[in-house]
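1. My questions concern the predicted model and sequence given below.
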Protein chains: 2
Amino acid sequence: MTRPKRKGCCTVIHPREDNARFILLAVVMVIYMAVGASIFMVLERDNEKKEKADYDAHVAEFKRKYPQINDTDLEALLALHSKAEAAGFVGNRRDRWDWPGSFYFVGTVVSTIGFGMTTPRTVGGKIVLIFYGFFGCAGAILFFNLFLERIITFLAYILRAIHIRDLKRKGLITENKKEKGRRSSQTSDDELDAWKPSVYWVMLILLLGALVVALCASAMYQPVEDWTYFEAIYFCFVTFATIGFGDLVVSQKESYPNVHLYRFANFIFIVIGCCCIYSLFNVTSIVIKQVLNWILRRLECRCRV
Amino acid sequence: MTRPKRKGCCTVIHPREDNARFILLAVVMVIYMAVGASIFMVLERDNEKKEKADYDAHVAEFKRKYPQINDTDLEALLALHSKAEAAGFVGNRRDRWDWPGSFYFVGTVVSTIGFGMTTPRTVGGKIVLIFYGFFGCAGAILFFNLFLERIITFLAYILRAIHIRDLKRKGLITENKKEKGRRSSQTSDDELDAWKPSVYWVMLILLLGALVVALCASAMYQPVEDWTYFEAIYFCFVTFATIGFGDLVVSQKESYPNVHLYRFANFIFIVIGCCCIYSLFNVTSIVIKQVLNWILRRLECRCRV
Ligand SMILES: [K+]
Ligand SMILES: [K+]
């Protein structure tokens, strides 16, 4: 846990660095959330008032048009309708609990996306969900972690090959050095073995990968779901980040052209998208950790000088 | 990436073990999901039919009672009502986009819970969400990872102290061995230094910790939200696992007794619960990985014998 201490005021790290970093991150996250709350409040508050006023006006207009309707009857109908809407009975929606629907539901559980377009409504279903979800989510986390490990290994291999090609082009290492057994004076084999790709390059490549997946997936969703391209991009981010608000959910209509192909493509896009964004978030979190370490050293420095 | 090869048929591991494990896990996960889909289909299908029939009967009854209502008008009202319900205007609900509501929303974004009780409805809000969520989710993943690291370090320290006390009690190491500078014949210092707690003990302690948090949180939610205790437990699992279906969401009523205390307690419970379950899932995923390695060795063994 403790690191080798380096020389110089700004690099002397306190032994309780790990705890300090954790507390600093907690403080930063709360500030980040407080700032975010203010931004979203400003962006959304007026729209909320307008939508609420529109809704109230519409209900009042309906009641004026049909004065004979008992208020209690209408409220009961609307309340039931809300439940039915949440359970997915309203409109030309697909069955929730046929096998493909159930598979879709299970996918949203293990990936922790949890759109909520389908939820277990029986007590039995809820009990099974807790035990099923426990092992499913743990398995999915392992899947994402193994994907992360595989993709980092792969990217390191590619970036290393590019690095060696660059060194060769610059004449810093000789061609076929292993065959001839010679050593370049500028770059030793040890240095080359210790070379690791920058976390920023890996982050950039993962970001490009995630963008390509999101752009391709959106190009599929836009015509099929009758969304705007922007809505499809927003859906992709919310889904791949496993936030899964459920305000936009794909594959909910009763029928699609080439439904099996669409569902399969949907499954593949979501799996690859979640894997890419999971890896991207983890690599970004390494960069954030470096920033926290830098801040800690600055604070430490100020304390001691 | 490659491990040192051990002797014996069943422990000779193929160099491509990492890839094999990833593919094996993918296959296992698909089978797990297929089985789960079947289970949930059986559990929920009949209830879905019943609820749908009830809803259709209620709407038909309403139309029979008020034959003068134009179908188009009613459908327009119901559709608008669904949207209003999703946006949170209906009933005695809290404001979505006042500051505490906005903070709650931001919390569901960075934690990737994403209940969906509040979602950005303006284009500006959606654009900001993508950029804000990117760094927020990465920060939260770092927070969960640092918590995992801290809790594992802490548990290892505690379990190690218990282990040493047990050894002392059994007389396998002498009291005050460091002071007297003596070595026991049975247990060397090197062995003691290399001792690590079993992953199963860590898993059990985290499981108990998560259970205690869930039971305490449910005891708070049950009276305040008018849920059954079981519903509160179900809510805790769905939330702490960051699935966040949104079928049950706390802190949505317009008023609560001691609202600030309740919101604060809610925030703390959700943070600790998510941290515990995240750690538990990660430790469980290590156990799953061990099971996969065991399966791979058995398969390997069968291939070679
Ligand atoms: K979620
Ligand atoms: K969700």
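-> Received it, and whenever you're ready, just let me know what you need. Ligands and ions are numbered 1, 2, ... in the order given.
2. Around ligand 2, pick out the residues from chain A.
-> Proximity of chain A to ligand 2, by C-beta under 5 Å from the ion, involves residues A:114, A:244. C-betas here are computed from N, CA, C, even on glycine.
3. got the contact list for the residue lying farthest from the centre of chain A?
-> For chain A, the residue at maximal distance from the C-alpha centroid (C-alpha atoms, centre = their mean) is A:Gln68, at 50.6 Å. Contact analysis of A:Gln68 by C-beta atoms under 8 Å, 6 or more residues apart in numbering or on different chains lists B:66, B:68.
4. Secondary structure class of it, three-state.
-> Three-state assignment for A:Gln68 (DSSP: H, G, I helix; E, B strand; the rest coil): coil.
5. give me phi/psi at it?
-> Dihedral pair for A:Gln68: phi -70, psi -10, per degrees, to the nearest 10.
6. So which residues of chain A form helices?
-> Under the criterion DSSP state H, chain A contains helices at A:17-65, A:71-87, A:99-110, A:123-169, A:177-180, A:189-194, A:199-225, A:229-240, A:259-304.
7. Confidence-wise, which of those helices is weakest overall?
-> Mean pLDDT is lowest for helix A:177-180 among these, at a mean of 46.
8. Dump the helices of chain A to TSV, plus mean neighbour count and distance to chain B.
-> Below are the helices of chain A laid out as TSV (neighbours: other C-beta atoms under 10 Å in any protein chain shown; distance: least, C-beta to the nearest C-beta, whole Å):
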stretch	mean neighbour count	distance to chain B
helix A:17-65	16	4
helix A:71-87	17	4
helix A:99-110	22	4
helix A:123-169	17	4
helix A:177-180	10	19
helix A:189-194	11	14
helix A:199-225	17	9
helix A:229-240	22	5
helix A:259-304	17	4
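9. Quick check: which of the ones you listed is nearest to B:Asp190?
-> helix A:17-65 (25.3 Å; C-beta to C-beta).
10. roughly how far is the closest one from the heart of the chain?
-> Relative to its parent chain, helix A:17-65 has a centroid offset of 20 Å by C-alpha atoms, centre = their mean, to the nearest Å.
11. Helix A:71-87 and that one, what's the angle between them?
-> 140 degrees (axes from the mean of the first three to the mean of the last three C-alpha atoms, to 10 degrees).
12. I figured A:Phe105 hits B:Ser38, correct?
-> No - assessed by C-beta atoms under 8 Å, A:Phe105 is found out of contact with B:Ser38, at 11.8 Å.
13. got the contact list for the residue most central in space within chain A?
-> In chain A, the residue lying closest to the centroid (C-alpha atoms, centre = their mean) is A:Ala241, at 1.5 Å. Contacts for A:Ala241 (C-beta under 8 Å, 6+ apart) come out as A:277, A:281, B:112, B:133-134, B:137.
14. please redo it, this time with the cut-off set to 10 Å
-> By C-beta atoms under 10 Å, 6 or more residues apart in numbering or on different chains, the residues touching A:Ala241 are A:113, A:210, A:273-274, A:277-278, A:280-281, B:109-110, B:112, B:114, B:129-130, B:133-134, B:136-138.
15. State the distance from the closest residue in space to A:Tyr221 that isn't next to it in sequence to B:Gly114.
-> Distance criterion C-beta to C-beta, 6 or more residues apart in numbering or on different chains; nearest residue to A:Tyr221, sequence neighbours excluded, is A:Ala232 at 4.2 Å. According to C-beta to C-beta, to the nearest Å, A:Ala232 and B:Gly114 sit 18 Å apart.
16. what does chain A put close to ligand 1?
-> Proximity of chain A to ligand 1, by C-beta under 5 Å from the ion, involves residues A:114, A:244.
17. Now do the contacts for A:Asp247.
-> Counting by C-beta under 10 Å, 6+ apart, A:Asp247 touches A:115-116, A:231, A:234-235, A:238, B:86-87, B:114, B:116, B:118-121, B:126, B:246.
18. Report pLDDT for it.
-> In the predicted model, A:Asp247 carries a pLDDT score of 90.
19. now swap in A:Thr187 and tell me
-> If you check A:Thr187, the pLDDT there is 53.
20. before we move on, what about the one 10 residues further on?
-> On pLDDT, A:Pro197 comes in at 83.
21. ok, A:Tyr256 to A:Pro197 distance?
-> Between A:Tyr256 and A:Pro197 the computed distance is 42 Å (C-beta to C-beta).
22. Let me know the distance separating the residue nearest to the centre of chain A from A:Asp71.
-> 43 Å.
23. Over to A:Val249?
-> Look at A:Val249 and A:Asp71: by C-beta to C-beta, they are 33 Å apart.
24. ditto for A:Ala79
-> A:Ala79 is 12 Å from A:Asp71, where distance means C-beta to C-beta.
25. just A:Thr239 next, same as before
-> In terms of C-beta to C-beta, A:Thr239 sits 40 Å off from A:Asp71.
26. What lies in contact with stretch A:50-65?
-> By C-beta under 10 Å, 6+ apart, the residues outside stretch A:50-65 that reach it are A:44, A:69, A:71, A:74, A:78, B:68-70, B:73-74, B:76-77, B:80-81, B:83-85, B:87-90, B:95-96, B:121.
27. Which residue does the stretch 1-150 of chain A have closest to ligand 1?
-> A:Gly114 (4.1 Å; C-beta to the ion).
28. can you give me phi and psi for that residue?
-> The phi and psi values for A:Gly114, taken as degrees, to the nearest 10, are phi 60, psi 60.
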